[in-house]
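>>> Mind looking at a prediction? Sequence and model below.
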Amino acid sequence: MAWVGWKRMCTSKLEDGIGFRNLQAFNLAMLAKQGWQLLTNKGSLVAHIYKAKYYPNGDVFGAKLGNNPSYAWRSIHSSLEVIRRGTRWNVGNGKLIHIWEDKWLPTPTTCRVCSPPQAFDDFPMVSSLIDEDTRRWKTDLV
């Protein structure tokens, strides 16, 4: 099948087209998929290269666009907000999860703590709510 342009891509399948309704949304979804691969497949060569160049001291969510970014990185970086909106943390030990800023609760509307922030450390993590010995929630704090 030869490439005949975007009109064929947006044409209905009934009219022998590919049937995409919104190419921008489809493109954003494909870019977000690449961003997800950087998050979940950290051992890949591409993930190592992007980490070394664009986020050497953090993760892909904390990455800046940088100076003179490649077209591919600029495109993936623009899709990270899609991933951010659709993901939440799996708690585990809670050492990387900020109590009030990150999405980590199973509540379907916000996945965040709704109560006003309490006095903890400067940057309180969910791990401060978990007893390290028993691996249970500190009920007096929660």
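Cool, got the structure. Numbering: from 1, shown residues only.
>>> For the lengthiest helix in the chain, list every residue counted as buried.
In the chain, with assignment by DSSP state H, the single longest helix is helix 23-40. Neighbour-count burial for helix 23-40, counted by 16 or more other Cβ atoms under 10 Å, picks out 28, 31-32, 35-36, 38. Placement of C-beta: from N, CA and C, glycine included.
>>> Show me the helices in the chain, by range?
6-10, 23-40, 45-54, 71-86.
>>> I'd like the ones you listed written out as JSON lines, with mean pLDDT and distance to residue 134 added.
Written out in JSON lines, the entries for the helices of the chain read as follows (pLDDT from 0 to 100; distance: least, Cβ to Cβ, whole Å):
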{"stretch": "helix 6-10", "mean pLDDT": "65", "distance to residue 134": "56"}
{"stretch": "helix 23-40", "mean pLDDT": "88", "distance to residue 134": "30"}
{"stretch": "helix 45-54", "mean pLDDT": "93", "distance to residue 134": "35"}
{"stretch": "helix 71-86", "mean pLDDT": "89", "distance to residue 134": "32"}
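>>> Between these, which one is closest to residue 138.
helix 71-86 (28.3 Å; Cβ to Cβ).
>>> tell me the contacts of the residue nearest to residue 127 when sequence neighbours are not counted?
Once flanking residues are discounted, residue 127 sits nearest to residue 94: 3.9 Å by Cβ to Cβ, 6 or more residues apart in numbering. Residues counted as contacts of residue 94 (Cβ atoms under 8 Å, 6 or more residues apart in numbering) are 104, 125-130.
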